[in-house]
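[1] quick check, what structure comes out for this input:
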Amino acid sequence: SNSHLQDLSSLFFNTITPNKNNSNILVNINIDLYCSYALEERISVELWRDLSMLTQSNHLGSVIASGGLTIPFNFNYLDTLNTNSVTKYYLKYQLENNNSLQEMGLINIQTNSNYGSSNIILREI
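    Below is the predicted model of the structure:
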């Protein structure tokens, strides 16, 4: 319910141990976003590997008030690794603002204790 950067590294993540030292990892993200309840309440999503941000998608949602939008959001990222040790991928997100004080962000996430439709799928290629 705030516009601070939300770190999901301990809640919504996936890990992979590549077989080779120079593997490419295809990261497939399927998430549901809830935002745009009031004016200028968009959301930005960042993909992280360990301690490095890989990419970001900014200002998702509508700039006009919609009473809340649920947005299915899917994206793929091809990452090149130089290691064969355990590698963790996770998301961070940030609301543009939250003047409406409504709860918004990533919804329906799949965790060890919660079944949801959002997930992170990793493939070594």
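[2] quick one: contacts for Ala65?
    Applying CB atoms under 8 Å, 6 or more residues apart in numbering to Ala65 gives the contacts 36-39, 41. To be clear about C-beta, it is placed using only N, CA and C from the backbone, and glycine gets the same treatment.
[3] repeat for Val45
    31, 33, 56-57, 60, 73, 91-93, 106.
[4] next one: Glu40
    For Glu40, the contact set (CB under 8 Å, 6+ apart) comprises 63, 96-97, 99.
[5] please enumerate the strands of this structure.
    6-7, 13-16, 24-35, 43-49, 52-60, 69-80, 87-95, 105-107, 119-124 (DSSP state E).
[6] could you dump those strands into JSON lines and include mean pLDDT and distance to Ser113?
    Listed next are the strands of the chain as JSON lines, based on pLDDT from 0 to 100; distance: least, CB to CB, whole Å:
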{"stretch": "strand 6-7", "mean pLDDT": "96", "distance to Ser113": "18"}
{"stretch": "strand 13-16", "mean pLDDT": "96", "distance to Ser113": "14"}
{"stretch": "strand 24-35", "mean pLDDT": "96", "distance to Ser113": "18"}
{"stretch": "strand 43-49", "mean pLDDT": "97", "distance to Ser113": "22"}
{"stretch": "strand 52-60", "mean pLDDT": "96", "distance to Ser113": "27"}
{"stretch": "strand 69-80", "mean pLDDT": "95", "distance to Ser113": "22"}
{"stretch": "strand 87-95", "mean pLDDT": "97", "distance to Ser113": "16"}
{"stretch": "strand 105-107", "mean pLDDT": "91", "distance to Ser113": "16"}
{"stretch": "strand 119-124", "mean pLDDT": "96", "distance to Ser113": "15"}
